[in-house]
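Q: Show me how the following folds:
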Amino acid sequence: MRCEAFLEVLKYLYFTRPYNTMKLGLFRIENLLSRMGNPHSGVKYFHVTGSNGKGSVTTFLEYLTYYHGHSVTGFYSPHLSTILERFHYNTRYISQDEFVEAALEVKKHAEEMDKLGEEFTPSFFEYMTAMYFYITKKSRAEYGSVEVGLGGRFDSTNVIIPEVSVICTVSLEHTNVLGNTVEQIAFEKAGIIKEQKPVVVGAMPDSALEVIKQVAREKNSMVYEYGKDFYVEPVQFSFNANVYNYYGSTTIKNIKVKLNGKHQLYNVGLALKTFELVEKIDEDGVKRAFEEAFIPGRFEMVNDIVLDGSHNPQAAEKFAENLDLYFPEKRKAAVFGIVDDKDKEGVLKVIGPKFDTLIITRPPSKRAEKVAETYEIAKKYCKNVLFERDYIKAVELLKTTEAEVKFVTGSFYLVGYVRDYLLNGKIGEELMIGGA
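A: Numbering: from 1, shown residues only. As a prediction, the model looks like this:
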């Protein structure tokens, strides 16, 4: 019965709300939260944006807060295998019951707004945001660690007054919405900076940094820059057991970090600097937080298969870098699938030569029909390329290869479904609702 109610709510959200429809502006979320009694008030927040890294930094801040003895919620997007990944309380996903309760609470108020016309109808993400604030208020959490959905200035999370704002990186992304230059995108992300609240910034182009500094000056906000006010040095890169030293207001050495990749070096620094602006750092708490912090499907090993996304050339570069870093001399095979509107050539050019065998498959998405095209491109960049349209059969084929390390990569749709299959032996009803 519990699962049925959860699935019914999911159907309502996916098919009644404008799912995958972007609605910028804050007036809908402000109206919705006002009707709910402003559940976002009275909580200390960390607010994190960036072209890359924001999910990791938000995660690190949640774990740091929890392991320093505070109750904390986390808000993330998108999700991989279950919508519950979006909502954390004290580093754990909320339950289906809690999800249903929050969704039904928001529904009452959202449907009143629907009557005002399409312009006032809360979007899927605005609905999720309102649910997060309801969950945070209901749990009486002291802190919230909040990842921006898109941009910053008009993102529905931008109704909070955070203790610290974080801007991880700025690069060209979502140019149809955020602008065509890094300066324009930096301005949108700088929209989360609040009056007299500090902002912590990562490595980025000078022109983007200058835009952020200008907004900070206007808001009387202190700026803390990676490489100038704090930095991190790597001690060891080892799969699931990377080690870093942090130098900021405090120095902490030999921090073991489960999350993989050289880029985590910046994310570790951003999270620690942000946290030490509001809390006295406890070394044991820091070490426990980073050793436990986890994000599904990010260079994660599940049942002897490493899962990671490489859905665009930038992600492919990081993925390839990690292959060289963690498995340099190993024979490698991968299942690869990508949706049709992505830069297939740009991705396969980078990752194809890294594998002894590539198995091309179709991600479970309506946007992935030209699998034969992917197969032809792959053959240009890898010597041994196989084709298996059914992604479950492709995974089973991968298991039979003689590779020492096996991967599933490409679209996050593919990674999410395969992760569910590897953990549960089947694709769950929740994923099937979304429709492949």
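
Q: rest of the way, CA atoms for contacts and neighbours
A: Fine.

Q: Tell me how many other residues surround the nearest residue to residue 237 once chain neighbours are set aside.
A: The spatial neighbour of residue 237 that comes closest, neighbours along the chain excluded (CA to CA, 6 or more residues apart in numbering), is residue 243 at 6.5 Å. By other CA atoms under 10 Å, 20 other residues sit near residue 243.

Q: What strands flank the helix or strand containing residue 243, and is each parallel or antiparallel?
A: Element membership of residue 243, judged by DSSP states H and E, is strand 242-247. Within its sheet, strand 242-247 is paired with strand 231-236 (antiparallel), strand 251-257 (antiparallel), according to DSSP bridges.

Q: Deepest in the core, which of the ones you listed is it.
A: Most buried of those by mean neighbour count (mean count of other CA atoms under 10 Å) is strand 251-257; its value is a mean of 19.

Q: I'd like the distance from it to the chain centre, please.
A: Chain-centre distance of strand 251-257: 23 Å, with CA atoms, centre = their mean, to the nearest Å.

Q: In this structure, where is pLDDT below threshold?
A: Low-confidence segments of the chain, defined by pLDDT under 70: 1-2, 18-21, 172-180, 434-436.

Q: Please repeat the previous calculation with a cut-off of 80.
A: 1-2, 18-24, 170-180, 434-436 (pLDDT under 80).

Q: Let me see the domain layout of it.
A: 2-292, 300-434 (automatic domain parsing).

Q: mind listing what the residue nearest the centre of the chain touches?
A: Closest to where the C-alpha atoms of the chain average out (CA atoms, centre = their mean) is residue 55, at 3.7 Å. Residue 55 is in contact with 76-77, 147, counting by CA atoms under 8 Å, 6 or more residues apart in numbering.

Q: Residue 308 now?
A: Contacts of residue 308 by CA under 8 Å, 6+ apart are 297-300, 319, 407-410, 412, 415.

Q: Among those residues, name the ones in helices.
A: Those of the contacts of residue 308 mapping onto helices are 319, 412, 415, per DSSP state H.

Q: From what I see, the first one and residue 310 are in contact.
A: If I follow you right, that is residue 319. Yes: contact criterion CA atoms under 8 Å: residue 319 and residue 310 qualify, at 6.5 Å.

Q: The two - which one has more neighbours?
A: Neighbour count, other CA under 10 Å: between residue 319 and residue 310, residue 310 has more, with 26 against 22.

Q: Would you confirm that that one contacts residue 409?
A: Yes: the criterion here is CA under 8 Å, and residue 310 meets it with residue 409 at 5.9 Å.

Q: Okay, the residue nearest to residue 237 and residue 101: tell me how far apart.
A: Applying CA to CA, to the nearest Å, the value for residue 243 to residue 101 is 41 Å.

Q: mind listing the strands for the stretch 51-200 of the chain?
A: For the stretch 51-200 of the chain, the strands defined by DSSP state E, counting those that start in this stretch occupy 72-75, 87-89, 92-93, 143-147, 164-167, 199-201.

Q: Please identify which of those is closest to residue 107.
A: Proximity to residue 107 (CA to CA) singles out strand 87-89 among those, at 17.3 Å.

Q: The closest one - contacts with which helices or strands?
A: Helices and strands touching strand 87-89, by 3 or more CA pairs under 8 Å, 6 or more residues apart in numbering; DSSP states H and E, are strand 72-75, helix 124-139.

Q: quick one, which of those is packed in tightest?
A: strand 72-75 (a mean of 28).

Q: And it, what does it pack against?
A: Looks like strand 72-75 contacts helix 54-66, strand 87-89, strand 143-147 (3+ CA pairs under 8 Å, 6+ apart).

Q: Tell me how far the longest helix along the chain lies from the chain's centre.
A: In the chain, ranked by residue count with DSSP H as the criterion, the top helix is helix 96-114. Chain-centre distance of helix 96-114: 24 Å, with CA atoms, centre = their mean.

Q: CA atoms of that helix as PDB?
A: Extracted in PDB, the C-alpha atoms of helix 96-114 (Å, rounded to 0.1, in the frame of the first residue of the first chain):
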ATOM      1  CA  GLN A  96       8.600   7.000   0.700                       C
ATOM      2  CA  ASP A  97       6.100   7.900   3.400                       C
ATOM      3  CA  GLU A  98       7.900  11.200   4.100                       C
ATOM      4  CA  PHE A  99       8.000  11.900   0.400                       C
ATOM      5  CA  VAL A 100       4.200  11.300   0.000                       C
ATOM      6  CA  GLU A 101       3.400  13.400   3.000                       C
ATOM      7  CA  ALA A 102       5.400  16.400   1.600                       C
ATOM      8  CA  ALA A 103       4.100  16.000  -1.900                       C
ATOM      9  CA  LEU A 104       0.400  16.000  -0.700                       C
ATOM     10  CA  GLU A 105       1.000  19.000   1.500                       C
ATOM     11  CA  VAL A 106       2.500  21.000  -1.500                       C
ATOM     12  CA  LYS A 107      -0.300  19.700  -3.800                       C
ATOM     13  CA  LYS A 108      -3.100  21.500  -1.800                       C
ATOM     14  CA  HIS A 109      -1.400  24.900  -2.400                       C
ATOM     15  CA  ALA A 110      -0.100  24.200  -5.900                       C
ATOM     16  CA  GLU A 111      -3.500  23.300  -7.200                       C
ATOM     17  CA  GLU A 112      -4.900  26.600  -5.700                       C
ATOM     18  CA  MET A 113      -2.300  28.400  -7.800                       C
ATOM     19  CA  ASP A 114      -3.100  26.300 -10.900                       C
END
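
Q: returning to what we had before: in PyMOL, how would I select the buried members of the contacts of residue 308?
A: In PyMOL syntax, the buried subset of the contacts of residue 308 is picked out as below (16 or more other CA atoms under 10 Å):
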select buried, resi 297+298+299+300+319+407+408+409+410+412+415
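
Q: Looking at the contacts of residue 308, which are in strands?
A: 300, 407-410 (DSSP state E).

Q: would you turn those into JSON lines with distance to residue 195?
A: Output for the ones in strands among the contacts of residue 308, formatted as JSON lines (distance: CA to CA, whole Å):
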{"residue": "300", "distance to residue 195": "39"}
{"residue": "407", "distance to residue 195": "46"}
{"residue": "408", "distance to residue 195": "44"}
{"residue": "409", "distance to residue 195": "42"}
{"residue": "410", "distance to residue 195": "41"}
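
Q: Closest one to residue 189 out of those residues, please.
A: Distance to residue 189 across the ones in strands among the contacts of residue 308 (CA to CA) is lowest for residue 410, with 27.0 Å.

Q: Kindly state the beta-bridge partners for the closest one.
A: residue 337.

Q: Could you report the separation of it from residue 127?
A: For residue 410, the distance to residue 127 equals 29 Å [CA to CA].
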